[in-house]
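1. sequence plus the predicted model coming up.
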Amino acid sequence: MAQSPQDTPFGTQEAFHTAFAELYPRLVSYARRYGATFPEDIAQEAFVILMQREERVEHPTAFLYGTVRTLSLTERRPMKNQNISLEAVAEPGLAGGADDLVLNQEVRERMRLLSPTFREALWLFVVEGLSIREIAEILSIPEATVKTRIHRAKAQLKDQLNPTGGVHVLV
Amino acid sequence: MSWSDPARRFEPAEDVELRAELRDLLGLGPVTASRVEEPTAELNALADDLRREAQRRSRTQRKRPTWGLLAAAALPLLATLAGLGTWGFHQKERADGLAAQAQRQEQELTRLASTHASEVAKERQAKEEIKQQLQLASRKGGRKTEPYLVIPVEKPLKVGGEDYQRVKQPPQQ
């Protein structure tokens, strides 16, 4: 269904302003995590691409995240970027600045120890607050796969907290 | 309500619980609405600029070709293909006609050759029969009916006494 010129992907003008104010910094941070050189440009380009679409986008937030991810990977690895995970391309120096905005050192360390594939799904689910369906759209994978990755990330986090596999005992 | 509020996305309760559990494992704490940013004038202006840019691109970008344009573009190609098809069909018809004619000529030649061969065979057979008859006739005409040589002599009708002479036997020694 085509949207009228007055409508925005998020509804009214005010709703669009609110969504933009909330999403834009997060998208900039997300692009920075992929090591994008110009994360602001990528986030703005994602909004332009979203509003340029004639067909109505069912999940605009997922569309924006997916576009930022694609643009960031394209900027960084123009030729072979299709199957690269979030942390596989993010250099520590570049990604660290983005993490500092949201996560503290301890959380960053726990995330860093996770498998890159699981870390990407976990980041989108927990830190970005996206739903399973939105993450599936962003990563172009089935929802069941997203759930599997998140549960495996959870298992890895539990292993980090209890590396010996024993039972925690209060002394 | 924040865009990141799970209630806004109608998430299942198990997903909400899972997110809370994971946040707890990471040490992030529960989801709060404190991070919601209010739209500022600067952000609103940027959003409007981006929207105008999207509208400008939509106006200036090359539209996707419609079916009519595609059909018009494909018309010369279709005409060429149709012409080639017609020409090829005629060529095939002509080749088939020539092939049939050649086949007919070959059949006629084969028939003539077989007729000629049979006539030659008949002629040869007749010649052989005549030859055999001639040989037979020549055999019959060249020798007598008797199988021995007969020298005709004039014999006296009856043997007379004077016709022979007794010859004494020579004295014995």
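-> Structure received.

2. and the pLDDT for residue A:76?
-> We have a pLDDT of 69 for residue A:76.

3. gap between residue A:129 and residue A:68?
-> 15 Å (Cβ to Cβ, to the nearest Å). Yep, even glycine has a C-beta here, placed from its N, CA and C like the rest.

4. so between those two, which is more surrounded?
-> Neighbours were tallied for residue A:129 and for residue A:68 using other Cβ atoms under 10 Å in any protein chain shown; the higher tally belongs to residue A:68 (29 against 22).

5. and that one, that's in a helix?
-> Yes - Residue A:68: assigned to a helix according to DSSP: H, G, I helix; E, B strand; the rest coil.

6. so where is chain A shaky, pLDDT-wise?
-> Flagging of chain A using pLDDT under 70 yields the residue ranges A:1-6, A:76-103, A:163-171.

7. where do the helices sit along it?
-> Taking DSSP state H as the test, the helices found in chain A are A:13-33, A:39-52, A:60-76, A:86-89, A:92-102, A:105-113, A:116-122, A:132-139, A:143-161.

8. any chance of those helices in JSON lines with distance to chain B as columns?
-> Formatted as JSON lines, these follow (distance: least, Cβ to the nearest Cβ, whole Å):
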{"stretch": "helix A:13-33", "distance to chain B": "4"}
{"stretch": "helix A:39-52", "distance to chain B": "4"}
{"stretch": "helix A:60-76", "distance to chain B": "6"}
{"stretch": "helix A:86-89", "distance to chain B": "15"}
{"stretch": "helix A:92-102", "distance to chain B": "9"}
{"stretch": "helix A:105-113", "distance to chain B": "5"}
{"stretch": "helix A:116-122", "distance to chain B": "7"}
{"stretch": "helix A:132-139", "distance to chain B": "6"}
{"stretch": "helix A:143-161", "distance to chain B": "4"}
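
9. ok, which of those comes nearest residue B:16?
-> Among the helices of chain A, the nearest to residue B:16 by Cβ to Cβ is helix A:132-139 (11.0 Å).

10. does anything pack onto that closest one? Which helices or strands?
-> For helix A:132-139, the packing partners by 3 or more Cβ pairs under 8 Å, 6 or more residues apart in numbering or on different chains; DSSP states H and E come out as helix A:60-76, helix A:116-122, helix A:143-161.

11. any idea which element residue B:50 lies in?
-> Residue B:50 is part of helix B:41-60, with elements assigned from DSSP states H and E.

12. packing partners for that helix?
-> So helix B:41-60, by 3+ Cβ pairs under 8 Å, 6+ apart, packs with helix A:13-33, helix A:39-52.

13. buried ones in stretch A:104-124, by neighbour count?
-> Residues of stretch A:104-124 classed as buried: A:107-108, A:110-111, A:114, A:117-124 (neighbour count, 16 or more other Cβ atoms under 10 Å in any protein chain shown).

14. chain neighbours aside, what residue packs nearest to residue A:57?
-> Using Cβ to Cβ, 6 or more residues apart in numbering or on different chains and skipping residues adjacent in sequence, the residue nearest residue A:57 is residue A:63, 4.8 Å away.

15. does that neighbour touch residue A:134 like I think?
-> No - Residue A:63 lies out of contact with residue A:134 (Cβ atoms under 8 Å); the separation is 9.0 Å.

16. outline the domain layout of chain B.
-> Per automatic domain parsing, the structural domains of chain B span B:6-60, B:96-139.

17. can you put these in TSV and add mean neighbour count, distance to residue A:149 and mean pLDDT?
-> Shown next, in TSV, are the domains of chain B (neighbours: other Cβ atoms under 10 Å in any protein chain shown; distance: least, Cβ to Cβ, whole Å; pLDDT from 0 to 100):
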stretch	mean neighbour count	distance to residue A:149	mean pLDDT
domain B:6-60	14	12	79
domain B:96-139	10	66	93
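
18. farthest pair in the buried residues of stretch A:104-124?
-> A:107 and A:117 (18.8 Å).

19. adding distance to residue B:139, write the helices of chain A out as a markdown table.
-> Shown next, in a markdown table, are those (distance: least, Cβ to Cβ, whole Å):
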| stretch | distance to residue B:139 |
| --- | --- |
| helix A:13-33 | 125 |
| helix A:39-52 | 119 |
| helix A:60-76 | 114 |
| helix A:86-89 | 117 |
| helix A:92-102 | 127 |
| helix A:105-113 | 127 |
| helix A:116-122 | 115 |
| helix A:132-139 | 115 |
| helix A:143-161 | 112 |
